[in-house]
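Novice: Predicted coordinates and the sequence they were generated for:
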Amino acid sequence: MTPHFSLCFQKIVVLLCCTVCCANISCRNEAGEPVDWFIIYKLSRYKIGEVGSGVDYMYLDSSAGSWQMSKFVVNTSQGALGSTLNQLYMGKTYESKSSVYALYNDAPPNMDYILGYGHTKGALLFDRTQGFWLMHSIPHFPSFPEKGYIYPSSGKVYGQTALCVTYQYEQFLHIAQQMAYTYPRFYNCSVPDAFVADLLQLAQICGGSKPPLFSDKRVEHLTSIKGEKFVSFVKSEHFVDDIYTGWVAQVLDADLLVETWQRPSHELPSNCSLRKHTMNIKRIQLPGPVRFQSYDDHSKWCVARAYEDQVTCLGDLNREKAQMWRGGGLVCTFNPLIYKAFRQVVDWYIGC
C-alpha cells in the first residue's frame, strides 16, 4: 500500500466513522437520513375485504408530501422507526453519560401491567445539542436497548400511529415538565448526573418517584429544530374528563373528528354538548385504497372537521370512560400537509 493511498484510506475511514458515530441525534427518514419530523400509519391486519401482513405501513414527512406506502415493513430495523431507534441501540449509546434516554409504555415489553401510570407510549433520546421525541400507540414497544430493535408480534393486529419530532436540547426542558403530568411508565431510562439539574422531573420518573404537580393539566408550545410549531396538551389523572371534548376541542376552537380504539361498550359516544364538538370516526381509508374499521385501529389521533381550521393532533388517549381517569396527552399541529393527509383518510364518522 503506497503512503498516498494509505493516507486517503485513513481519511475515508475517519469520515465514515464521523458520519455514523458523530451525527446529531434526530428522527430518521426511510433512507436513514436526519429529518425534522415524520409520521407513520401502520396498517391494520384486518382490512375491509382482506387480511394483510400486519406489518405494512404508510409514511409521511415534509418531503414526502402525502402518504407513501413504505417499501419496508415495521418488524425490521430498516425504515424510519428502526433507523431512529437504532441511534439508541447501536454502539451502546444507552450506556453513554453524554445523553439522556427514556423508553416508556403503560404496557412494557416482557413486563407485567401495573396500574397507576399514564396511558402513554413513546421514547426520548437527546444530548446537549438535540434529539427526538417519539410518540406512538404500540403496546410492548420499543424493546430493551440491549436486545436491539424488535417489533412485538402483538403490534401486528391493529392499526397504529407514531409521530417523531426532532427538537433542540432546550425544548426537552419543557417536554420534561409535560412528562410530569402524564406520568409515563419509564421501564428503561438513563438521566446522567450532569443532566439532573436541568431535567429534575425526568430524573424523578426515571428513579421511580412521581413529580409534584401545580395543576391538573398543562399546555406547552414546542418548536422543532427546523421551526415547525407544535402544541403539547397533557393532563394528569386529576383532570377527570375526556381530553378531546372537555379540553382540546374547546381550546383549539374546532370541532374534532376523533380516531381512537373503540371497543364495544367501552367507547364514549360522539359529544355535541359543549360549544365545540367531538365526533367518533368509524372507518379509515388510506391511499391504495386501504380501508379498515375503527375497532381494528389502535391509533389515537384527531383532525378538525372544518377544513379552514386545519388542526391535527396525535397522542395517547382513547375516547373511553376509564381513560378519563388516566394521564396522557396530545401533540397538535396546524401544518396543512399533515392536516390534509389525515383529513382525507376519514371515510365515515358519527355525528351527534
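Specialist: Ah, there it is. Numbering: from 1, shown residues only.
Novice: going forward, measure contacts and count neighbours with C-alpha atoms only.
Specialist: Fine.
Novice: what's the closest non-adjacent residue to residue 210?
Specialist: Distances taken as Cα to Cα, 6 or more residues apart in numbering place residue 204 nearest to residue 210, at 6.5 Å, with adjacent residues excluded.
Novice: tell me the secondary structure for the one you found?
Specialist: helix (DSSP: H, G, I helix; E, B strand; the rest coil).
Novice: how deep is it tucked in, by neighbour count?
Specialist: Close neighbours of residue 204, defined as other Cα atoms under 10 Å, add up to 16.
Novice: and the gap between it and residue 102?
Specialist: 12 Å (Cα to Cα, to the nearest Å).
Novice: name the element residue 219 belongs to?
Specialist: strand 217-223 (DSSP states H and E).
Novice: wait, I meant residue 234
Specialist: strand 229-235.
Novice: which residues touch the following helix or strand past that strand?
Specialist: Counting by DSSP H and E, the next helix or strand C-terminal to strand 229-235 is helix 243. Contact partners of helix 243, identified using Cα atoms under 8 Å, 6 or more residues apart in numbering, comprise 235, 317, 324, 329.
Novice: ok, which pair from those is furthest apart?
Specialist: 324 and 329 (11.5 Å; Cα to Cα).
Novice: Look at the two and report which has more neighbours.
Specialist: The neighbour count for residue 324 versus residue 329, taken as other Cα under 10 Å, is higher for residue 329 (30 against 21).
Novice: where's the more buried one relative to residue 94, distance?
Specialist: Distance from residue 329 to residue 94, counting by Cα to Cα: 26 Å.
Novice: rewinding a little: what average pLDDT does the strand holding residue 234 get?
Specialist: What strand 229-235 shows for mean pLDDT is 98.
Novice: who touches residue 122 in this structure?
Specialist: Contacts of residue 122 by Cα under 8 Å, 6+ apart are 103, 104, 105, 133, 134, 135, 136, 137, 142.
Novice: switch the cut-off to 6 Å
Specialist: By Cα atoms under 6 Å, 6 or more residues apart in numbering, residue 122 lies in contact with 104, 134, 135, 136.
Novice: Give me the nearest residue to it, chain neighbours excluded.
Specialist: In space, residue 122 is closest to residue 135, 4.4 Å off (Cα to Cα, 6+ apart).
Novice: Tell me the first helix or strand C-terminal of the helix or strand containing the one you found.
Specialist: Using DSSP H and E, residue 135 sits in strand 130-136. Next in sequence after strand 130-136, counting helices and strands by DSSP H and E, comes strand 160-168.
Novice: With only the CA atoms kept, save the next helix or strand after that following strand in PDB.
Specialist: The helix or strand immediately downstream of strand 160-168 is helix 169-182, counting by DSSP H and E. Output in PDB follows, covering the C-alpha atoms of helix 169-182 (Å, rounded to 0.1, in the frame of the first residue of the first chain):
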ATOM      1  CA  TYR A 169     -32.000  20.400  23.800                       C
ATOM      2  CA  GLU A 170     -33.800  23.400  25.300                       C
ATOM      3  CA  GLN A 171     -37.100  22.000  24.200                       C
ATOM      4  CA  PHE A 172     -36.600  18.900  26.200                       C
ATOM      5  CA  LEU A 173     -36.600  21.000  29.400                       C
ATOM      6  CA  HIS A 174     -40.300  21.800  28.500                       C
ATOM      7  CA  ILE A 175     -41.000  18.200  27.400                       C
ATOM      8  CA  ALA A 176     -39.800  17.000  30.800                       C
ATOM      9  CA  GLN A 177     -42.400  19.200  32.500                       C
ATOM     10  CA  GLN A 178     -45.100  17.700  30.300                       C
ATOM     11  CA  MET A 179     -44.000  14.200  31.300                       C
ATOM     12  CA  ALA A 180     -44.600  15.000  35.000                       C
ATOM     13  CA  TYR A 181     -48.300  15.400  34.200                       C
ATOM     14  CA  THR A 182     -48.700  12.200  32.100                       C
END
